[in-house]
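Trainee: Below: sequence and its predicted model.
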Amino acid sequence: MAKKETKKSDQTEVLENPEVLAEKLVPGEDFLKNNSKIVVGIFALAVVLIGGILFFQYNTQQQNEKAQAEMFQAVYFFEQDSIDFALNGDGINKGFLNIVENYPRTDAANLSNFYIGSIYLSQKKFDEALTYLEDFSADDYMVQSKAYSLIGDAKLELGKTDEAIAQYTKAARTNENKYMSPKYLAKLAVAQEEAGKIEDAIKTYAEIEEKYYESFEFAAARKHKARLEGLAAK
């Protein structure tokens with residue numbers, strides 16, 4: 001009990017006696033005087049860093065808004081099958097390639113990668129398609145699954161069947177749903193068969209049969225599964 005009272009008494013003296021309080025503050029004041037340049041330097045660095053981050057965020061937002069506005073016409077060209085204009089612009093409006101080059105790190109540039117990759121894939125420029133599709137990423141699971149599938153298409157066309165299988169698997173397993181998953185599974189089974197993985201292909205077709213019996217792919221899956229089972233039995 002005596003120790004507790006002494007401790008309380010010391011605290012009271014510090015708070016009530018200005019001279020004692022001053023003695024307690026002196027070491028801190030001495031540190032600031034002796035290291036003022038360091039303290040000021042740290043503070044200035046913090047201000048610069050915070051200012052830089054805020055400027056970067058503001059600049060990126062401004063760039064993204066501008067890029068989104070310019071991208072509108074490129075999307076229109078894409079939807080109208082004016083592929084060259086969609087890629088390169090029409091001399092007045094920018095195309096997807098211009099947006100990726102002029103507005104890097106923006107959402108518009110990221111989405112432009114998806115469009116460019118899709119166009120190059122349709123033109124059978126598979127290496128170029130991969131360059132852009134692999135730079136694309138999306139928080140939307142449906143869009144990201146589509147990108148995985150397109151990457152798988154390009155890999156399969158280039159004879160990289162194992163890599164294609166990996167991409168189709170990601171497409172099928174990302175946000176599984178009755179609309180797109182059976183399509184990706186069907187692509188996966190084709191790649192597995194091409195790679196000589198017959199048992200894996202049979203299992204994939206069986207999954208479509210069991211889980212997606214209302215899908216368009218169901219009838220073809222049953223047929224190909226029976227065909228592969230016949231091959232496996234020989």
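Mentor: Perfect, thanks for sending it.
Trainee: CA atoms for contacts and neighbours, from now on please.
Mentor: Fine.
Trainee: Does the spatially most central residue of the chain fall in a helix, a strand, or a coil region?
Mentor: Per C-alpha atoms, centre = their mean, the C-alpha nearest to the average position across the chain is that of Ser137, at 3.2 Å. On the three-state scheme (DSSP: H, G, I helix; E, B strand; the rest coil), Ser137 is labelled coil.
Trainee: Quick check: it vs Glu176, distance?
Mentor: For Ser137, the distance to Glu176 (C-alpha to C-alpha, to the nearest Å) stands at 18 Å.
Trainee: Next: Glu207.
Mentor: In terms of C-alpha to C-alpha, Glu207 sits 12 Å off from Glu176.
Trainee: For Asp143, report the pLDDT, please.
Mentor: Residue 143: Val, not Asp. At Val143, the predicted lDDT confidence score is 94.
Trainee: go on, the one 5 residues further on?
Mentor: Among the per-residue scores, Tyr148 shows a pLDDT of 98.
Trainee: Any chance you could list what contacts whichever strand or helix holds it?
Mentor: In the assignment (DSSP states H and E), Tyr148 maps to helix 141-157. Outside helix 141-157, the residues within contact range by C-alpha atoms under 8 Å, 6 or more residues apart in numbering are 114, 118, 121, 126-127, 129-130, 133-134, 136-138, 161, 163-168, 170-172, 174-175, 184, 191.
Trainee: Would you write a PyMOL line that selects the buried entries of these?
Mentor: Those of the contacts of helix 141-157 that count as buried under 16 or more other C-alpha atoms under 10 Å are selected in PyMOL with:
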select buried, resi 114+118+121+126+127+129+130+133+136+137+161+163+164+165+166+167+168+170+171+172+174+184+191
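Trainee: Correct me if wrong: Gln192 contacts Ile202.
Mentor: No. Using C-alpha atoms under 8 Å, Gln192 makes no contact with Ile202, being 9.1 Å away.
Trainee: returning to what we had before: buried sites along the helix holding Tyr148?
Mentor: Residues of helix 141-157 classed as buried by neighbour count (16+ other C-alpha under 10 Å): 142, 144-157.
Trainee: which one of the residues you listed sits closest to Glu214?
Mentor: Met142 (19.6 Å; C-alpha to C-alpha).
Trainee: For this structure, which segments count as helices?
Mentor: 2-16, 18-34, 36-79, 83-88, 96-102, 107-122, 126-133, 141-157, 161-173, 181-194, 198-211, 218-233 (DSSP state H).
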